[in-house]
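Q: Got a sequence here, can you model it:
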Amino acid sequence: MGEALIAGIVAAGNVELDSIFASDTLVERVEVIGRQYGVRIGTDNIKAAAFADVVVLAVKPGLINNVLAQIRETLTENTLVISVAAGVTIGQLLNGLPTGAKIVRVMPNMPALVREGMSVLVGGPGVHDRDLDIAQGIFRAVGKTLVVEEHMIDAVTGVSGSGPAYVLLLIEALADGGVRMGLPRDIAITLATQTVRGTAHLQHQTGEHPARLKDRITSPGGTTSAAVHVLEKGGFRGLVSAAVEMATKRATELRSE
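A: The predicted structure is shown next:
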């Protein structure tokens, strides 16, 4: 996710390259990032934190405490700390940082890798609108942003965090159906992928409720009506809703483990 953010910010062209400092313990990794994007690089997190007004913690949850311990004494009261560590709450982050630290927690998703992500932000105590504007500006470089209360984050995980997996499963199932009906695999995947992509774009552009758009292409007694009937009879709608519920519950459980 860290590289995706750098790529998006660089492509947007709104920030000077020498104002971005990428830090990673893997020398080979940061050297590749430096060559590819032209940003500053290093392997010293303390140096990176001292350099920055905004620190983005794009690390795995299991590493977050170690990183916080490294940079804790380097941060100032004006430093904005943004964490994308999945499942790590603002309270947990504050425990590892100086009193009064400004924290923004972010839940991005996989399409951020192609600058079509959905990033949901939560501001911690002491975070002002200007801080959230800065954080949103960073993540708008890789897609859309929303600001919510922290109690919503587990449900966000169930919808947009895990959602790409549901959509990919739908694409796979659509393609499998096409293959079963005689289409070559590559053609079936192309049809399924573009259908999902185009439909999502249509709904986004029109702003219409999905049900209204669905009804517009579901002619009485037609092929789509017959197919939708099968999906409804098989519990498609309920299964998707149940999947969101299960992912939400699991996100809650993981925070307690």
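Q: host element of the residue lying closest to residue 33 once chain neighbours are set aside?
A: Counting by Cβ to Cβ, 6 or more residues apart in numbering, residue 22 is the residue found nearest to residue 33 once chain neighbours are left out, at 5.0 Å. In short, each C-beta sits where N, CA and C put it, glycine included. Here residue 22 sits within strand 21-23, counting by DSSP states H and E.
Q: did I read that right, residue 76 in a helix?
A: No. Following the definition DSSP: H, G, I helix; E, B strand; the rest coil, residue 76 is coil and is not counted among the residues of a helix.
Q: any idea how far it is from residue 136?
A: When distances are taken as Cβ to Cβ, to the nearest Å, residue 76 and residue 136 turn out to be 22 Å apart.
Q: So between the two, which is more surrounded?
A: In this comparison of residue 76 against residue 136, neighbours counted by other Cβ atoms under 10 Å, the higher total goes to residue 136 at 17 against 11.
Q: pLDDT wise, what is that one at?
A: With respect to pLDDT, residue 136 scores 96.
Q: ok, so what distance separates it from residue 127?
A: Between residue 136 and residue 127 the distance, using Cβ to Cβ, works out to 12 Å.
Q: do residue 104 as well
A: In terms of Cβ to Cβ, residue 104 sits 6 Å off from residue 127.
Q: and if you look at residue 45?
A: Here residue 45 is placed at a distance of 22 Å from residue 127 (Cβ to Cβ).
Q: Identify the contacts common to residue 104 and residue 127.
A: residue 80 (Cβ atoms under 8 Å, 6 or more residues apart in numbering).
Q: The two - which one has more neighbours?
A: residue 104 (26 against 21).
Q: Can you show me the strands along the stretch 51-200 of the chain?
A: For the stretch 51-200 of the chain, the strands defined by DSSP state E, counting those that start in this stretch occupy 54-57, 80-83, 102-107, 117-123, 143-147.
Q: can I get the CA coordinates of stretch 200-210 in CSV?
A: Listed in CSV are the C-alpha atoms of stretch 200-210, where the atom choice follows Å, rounded to 0.1, in the frame of the first residue of the first chain:
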residue,chain,number,x,y,z
ALA,A,200,-20.2,0.0,-11.6
HIS,A,201,-19.2,3.1,-13.7
LEU,A,202,-22.8,3.5,-14.9
GLN,A,203,-24.2,3.5,-11.4
HIS,A,204,-21.5,5.9,-10.2
GLN,A,205,-22.1,8.3,-13.0
THR,A,206,-25.9,8.3,-12.9
GLY,A,207,-26.2,8.1,-9.1
GLU,A,208,-29.3,6.1,-9.5
HIS,A,209,-30.2,3.4,-7.0
PRO,A,210,-28.9,0.0,-8.2
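Q: Give me the contacts around it.
A: Residues contacting stretch 200-210 (Cβ under 8 Å, 6+ apart): residue 213.
Q: can you give me how far that stretch is from the chain middle?
A: Relative to its parent chain, stretch 200-210 has a centroid offset of 20 Å by Cα atoms, centre = their mean, to the nearest Å.
Q: Relative to residue 109, how far out is residue 11?
A: 19 Å.
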